[in-house]
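Asks: give me the fold of what follows.
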Amino acid sequence: MKQNKIKPDTILKNFWRDNHHFADLFNAALFGGEQVLNPDDLSEADTDVSSLLKFNGHAETVQKVLDVVKKTAYGIDFVIWGLENQAKIHYAMPLRHMIGDGFSYLKEYQEIAAKNRKDKNFASSDEFLSNMKKTDRLHPMISLCVYYGENPWDGPLCLMDMLEVPEKIKPLVADYKMNLLELRTSGSLQFHNQDVNTVFDISRSIYERDYNKINAVYKNRLIASELGVVIGAITQSQELIDHALELEQKGGLVNMCSALEELKMEGKQEGMIAGTVKTCRKFKLDQKATVKNVMEEFSLSEEEAVNYVKKYW
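Replies: A predicted model of the protein is given here:
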């Protein structure tokens, strides 16, 4: 099977850019399944919150790009929603979120300040010095980190978890809470979007090695190949991504039970091929002779056999 070069991170970003997927994720993770975010109210927002920081005559550009950002309107005001996909545990994640949210606020402040300087409509010297009117307001930034890893999250959940703070001064230290959704423990969440529910349900079952459940629930169900690709990205299975993309060209539907069974069989065969290559090497056969043996024993093309020999030589 030809391996595709599409990156898992890109797959997940594209999936969550869909307003229905995005809204259902936030409603389940932050609002107990209550339909607070309406997909029709969501609009795309700039993911780049990089900013120019200036201190005492020194200026430095700090780069920060979020994975997916949406905006919802509430009358004349709006709320900004940011999503960050995380495959590995990051022990500074609350700090990363605080910086990302802070940059989002800084970016909006700079936009307000630029407009005020252009309009020159300040009511006092204090407004002039701050470039912000007394009545100006920033809009809330709500971020969510989705952790897809197989291992339980054992990292910090807020800034205070990252600090060594004496008890006496704890009340004086500003904390910053991180909103975290951990895929492994998402079974109790109330998803209403069938695509999102399917992706999380199958991915959890794969991590738990609960193939009996997958077989019982999805044996006679076909899912869109797009979802198979997303599940492959979440579980870091390039083989599943390739398999789903290949089936997309043949109709766009995937039987997950069959797909996982085929992948298990492919894994067994690859293990046998690896053993054959190592045996040939042990008995001093050169690579050319090994390629021939692999081709004959496993009915592979020369190109496929060469790739396996290179991989396990």
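
Asks: which secondary structure element contains residue 112?
Replies: helix 93-119 (DSSP states H and E).

Asks: same for that helix, what does it pack against?
Replies: strand 51-55, strand 77-86, strand 141-147 (3 or more Cβ pairs under 8 Å, 6 or more residues apart in numbering; DSSP states H and E). C-beta here means a position set from N, CA and C on the backbone, and glycine is covered the same way.

Asks: which residues does residue 143 bridge with?
Replies: With DSSP bridges as the criterion, the beta-bridge partners of residue 143 are residue 82.

Asks: check contacts around it.
Replies: 66, 81-84, 97, 100-101, 178-179 (Cβ atoms under 8 Å, 6 or more residues apart in numbering).

Asks: do that again at 6 Å, thanks
Replies: Going by Cβ atoms under 6 Å, 6 or more residues apart in numbering, residue 143 touches 82, 97, 101.

Asks: what's the closest non-adjacent residue to residue 34?
Replies: residue 27 (6.4 Å; Cβ to Cβ, 6 or more residues apart in numbering).

Asks: give me the below-cutoff pLDDT ranges for the stretch 101-250 of the chain.
Replies: Residue ranges of the stretch 101-250 of the chain with pLDDT under 70: 249-250.

Asks: so where do the helices sit in it?
Replies: For the stretch 101-250 of the chain, applying DSSP state H, counting those that start in this stretch gives helices covering 125-130, 194-207, 211-218, 225-234, 238-248.

Asks: for the shortest one, packing partners?
Replies: The contact analysis (3 or more Cβ pairs under 6 Å, 6 or more residues apart in numbering; DSSP states H and E) places helix 125-130 against no helix or strand.

Asks: what's that helix in contact with?
Replies: 122, 133.

Asks: ditto for the second one
Replies: Applying Cβ under 6 Å, 6+ apart, the set of residues contacting helix 194-207 from outside is 21, 24, 150, 186, 191, 213-214, 223, 227, 230-231, 234-235, 256.

Asks: restricting to C-alpha, output that helix in CSV.
Replies: The C-alpha coordinates for helix 194-207 follow below in CSV (Å, rounded to 0.1, in the frame of the first residue of the first chain):
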residue,chain,number,x,y,z
GLN,A,194,-22.7,11.4,15.1
ASP,A,195,-19.3,12.0,13.4
VAL,A,196,-17.7,13.3,16.6
ASN,A,197,-19.2,10.6,18.7
THR,A,198,-18.1,7.9,16.3
VAL,A,199,-14.5,9.2,16.1
PHE,A,200,-14.2,9.4,19.9
ASP,A,201,-15.9,6.0,20.5
ILE,A,202,-13.8,4.0,18.1
SER,A,203,-10.6,5.7,19.1
ARG,A,204,-11.2,5.0,22.8
SER,A,205,-12.0,1.4,22.0
ILE,A,206,-8.7,1.0,19.9
TYR,A,207,-6.7,2.4,22.9
